[in-house]
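**Q** here is a sequence together with a model predicted from it:
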Amino acid sequence: MTAATGRRKPTLAAIAEDTGVSAPTVSKVINGREDVAPETRAKVLAALDAAGYRSPLQRRVTAARSTVVELVFDSMTSAYNVEILNGVLEGAGTQGAEVMISVTSVMPEPHMGPEQRAQRMVDEGRAGLIVVTSAFSSEQLSAFRRRQIPVVVIDPLNPPPSDVVSVGATNWAGGKAATEHLLGLGHQKIAYVGGPEAAECNQARLHGYMAALMAQGLDVKPGYVQMGSFRTAHGTEGLKRLLTLDERPTAVFAGSDSIAIGVLAEARRNGLNVPDDLSVVGFDSTYQAEESIPPLTSVAQPLHEMGRAALRSLLRQLNGEVLDSHRVELATQLIVRESTAAVSAEVR
C-alpha cells in the first residue's frame, strides 16, 4: 500500500516508493534541508500533502501560524507603501494578528529559490503572505500553495493566478477621471508618464487616459507615453524626454504621486511654472501630494482600506472561509489641488 492510498501515518519508505527517490531524501525534505533539488522537493512535498502528512516542525508552529502574517514590499521608499503598511497594521491591531515586514530589495538571501522561500515561511511560523506591488513567479506561488500558505496581492505587477486574491482600486476609472479633468481645463496636449509597462494597475491607468482622449476625438501624440517605474527619478527623466519633443505637452498625467514629484522638480529646473506653463496630475493622493509645491491634484486611492481589505481577505482564508470573489476593487476619487489650471493661450 502506498502513502496516497490510505495509511494513517505514512512511512518514509512509502513516500520514497511513491516518488521514486530514496528514504534519506524524503527525510531531508521533511526536515527542511536545503541540499535537495527543487523539482525533487516539490515532488516529495506533493506526495506528503496527498498523504496528509505534517512535519513535527509544522505541528510546533501551528499556533504561531494562526496569527503571524508576512507583508512583502519591493521597497519602503514610497509614500504609497507607507500608507498601505499603516492600513495593514491598523487592521492587525483590531484582528489580533501580528505582522512581519520583508523588503525584497534588501533581502539577505536573494539566491533563495521558490521552494526554499516557501519552506522558510513554514519554518518561521508565518500563517500567510500579503505582497505589495512585487512580482512573484507562478513557481513561487505554487510552492506557497503546496504548503497551504494563502497569499493576497495588492496592485500586482503581473496578473496573479485566478485562485489568488488581489486587492486594488478602480485604476481605469481613475486614469479616465484625471485625463477628463485636464481636458475640461482646455488641455489637448496631455502626456502620460507611467510605471512599469506590464503592471496591471499601470495598464489600467493608461487605458483610462486613452479612453478619455478618444472620447474627445483626440489621438495619443507620438512620444507622449513614457513608461518606466513608479519612482521620482522616472518622473524627472520622463519630463526631460517630453521637453525634447517638437510639440511639448501642456499637461502631464503621472501614474503615481512619486512620478509626479519628479515631474514637478524637473519643471522647476527648466524654469516652467506649474500650473501656468504645465499642469500636473498624480495618482495615489498620498501625503506627498498634499505637501508638494504646489499641492498636487491627484487621484486618491483608499490605500489604508486596501491594506485592511488585504488583511481581512487573508485572515478569512486562514479561518477556512470560501471567498465570494478573488478580486477586491475599491473606488478612486479625483482630488483637485493647485497643480492644474486652465491652459493658457501662450502654450495652447
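**A** Perfect, thanks for sending it. Not measured: the values here are computed from a predicted model.

**Q** drop to CA atoms for contacts and neighbour counts, all remaining ones
**A** OK.

**Q** buried residues in stretch 165-184?
**A** 165-183 (16 or more other C-alpha atoms under 10 Å).

**Q** contacts only, for V68.
**A** Residues counted as contacts of V68 (C-alpha atoms under 8 Å, 6 or more residues apart in numbering) are A97, E98, V99, M100, G125, R126, A127, G128.

**Q** from what I can see W172 touches H207, true?
**A** Yes - counting by C-alpha atoms under 8 Å, W172 does reach H207; the two are 6.4 Å apart.

**Q** one step back: just the ones of the buried residues of stretch 165-184 in helices?
**A** Applying DSSP state H to the buried residues of stretch 165-184, the entries found in helices are 171-183.

**Q** just the buried residues out of the contacts of V68, in PyMOL syntax.
**A** Buried members of the contacts of V68, defined by 16+ other C-alpha under 10 Å, are picked up in PyMOL with:
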select buried, resi 97+98+99+125+126+127+128
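
**Q** so what pLDDT did the nearest residue to S229 once chain neighbours are set aside get?
**A** Nearest residue to S229, sequence neighbours excluded (C-alpha to C-alpha, 6 or more residues apart in numbering): G195, at 4.1 Å. Looking at G195, its pLDDT reads 94.

**Q** tell me the contacts of G195?
**A** N202, M227, G228, S229, F230, R231, G255, S256.

**Q** I'd assumed A42 was in contact with T19.
**A** No - T19 is beyond contact range of A42, at 10.2 Å (criterion: C-alpha under 8 Å).

**Q** so for the host helix or strand of Y209, mean pLDDT?
**A** For Y209, the host element (DSSP states H and E) is helix 200-215. This predicted structure assigns helix 200-215 an average pLDDT of 96.

**Q** what about G186, how many residues nearby?
**A** G186: 15 surrounding residues under other C-alpha atoms under 10 Å.

**Q** excluding residues flanking it in the chain, which one is nearest it?
**A** Per C-alpha to C-alpha, 6+ apart, closest to G186 is V343, 5.5 Å.

**Q** quick revisit: surely the residue nearest to S229 is in a strand?
**A** No - according to DSSP: H, G, I helix; E, B strand; the rest coil, G195 belongs to no strand; its state is coil.

**Q** mind giving me the packing neighbours of the helix or strand just after the helix holding Y209?
**A** Later in the chain than helix 200-215, the nearest helix or strand by DSSP H and E is strand 225-226. Using 3 or more C-alpha pairs under 8 Å, 6 or more residues apart in numbering; DSSP states H and E as the contact test, the elements touching strand 225-226 are strand 190-193.

**Q** got the CA coordinates for the strand it packs on in CSV?
**A** This file holds the C-alpha atoms of strand 190-193, laid out as CSV (Å, rounded to 0.1, in the frame of the first residue of the first chain):
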residue,chain,number,x,y,z
ILE,A,190,-1.7,65.7,-22.5
ALA,A,191,1.2,63.2,-21.8
TYR,A,192,1.2,60.1,-19.6
VAL,A,193,4.3,59.3,-17.6
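
**Q** so how far is it off the chain centroid?
**A** Counting by C-alpha atoms, centre = their mean, to the nearest Å, strand 190-193 is centred 22 Å from the centre of its parent chain.

**Q** what sits up against that strand?
**A** Contacts for strand 190-193 (C-alpha under 8 Å, 6+ apart): 179, 182, 206, 209, 220, 224-228, 235, 238-239, 249-255, 259.

**Q** who does that strand pair up with?
**A** strand 225-226 (parallel), strand 251-254 (parallel) (DSSP bridges).

**Q** mind listing what's buried in that strand?
**A** I190, A191, Y192, V193.

**Q** what about the strands in the stretch 51-200 of the chain?
**A** Ranges of strands in the stretch 51-200 of the chain, per DSSP state E, counting those that start in this stretch, are 68-73, 98-103, 128-132, 151-154, 165-169, 190-193.

**Q** want to throw the ones you listed into CSV with distance to P295?
**A** Converted to CSV, those look like this (distance: least, C-alpha to C-alpha, whole Å):
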stretch, distance to P295
strand 68-73, 27
strand 98-103, 30
strand 128-132, 26
strand 151-154, 27
strand 165-169, 23
strand 190-193, 19
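
**Q** so which of these gets nearest L330?
**A** Closest approach to L330 among the strands of the stretch 51-200 of the chain is made by strand 165-169 (4.5 Å; C-alpha to C-alpha).

**Q** now do the closest one against helix 200-215, angle only.
**A** 40 degrees (axes from the mean of the first three to the mean of the last three C-alpha atoms, to 10 degrees).

**Q** low-confidence ranges in the stretch 51-200 of the chain?
**A** Applying pLDDT under 70 to the stretch 51-200 of the chain flags residues 52-66, 105-111, 135.

**Q** tell me which other helices or strands the host helix or strand of I259 touches.
**A** Assigned by DSSP H and E, I259 belongs to helix 257-269. Counting contacts by 3+ C-alpha pairs under 8 Å, 6+ apart, helix 257-269 is packed against helix 232-242, strand 279-284, helix 287-291.
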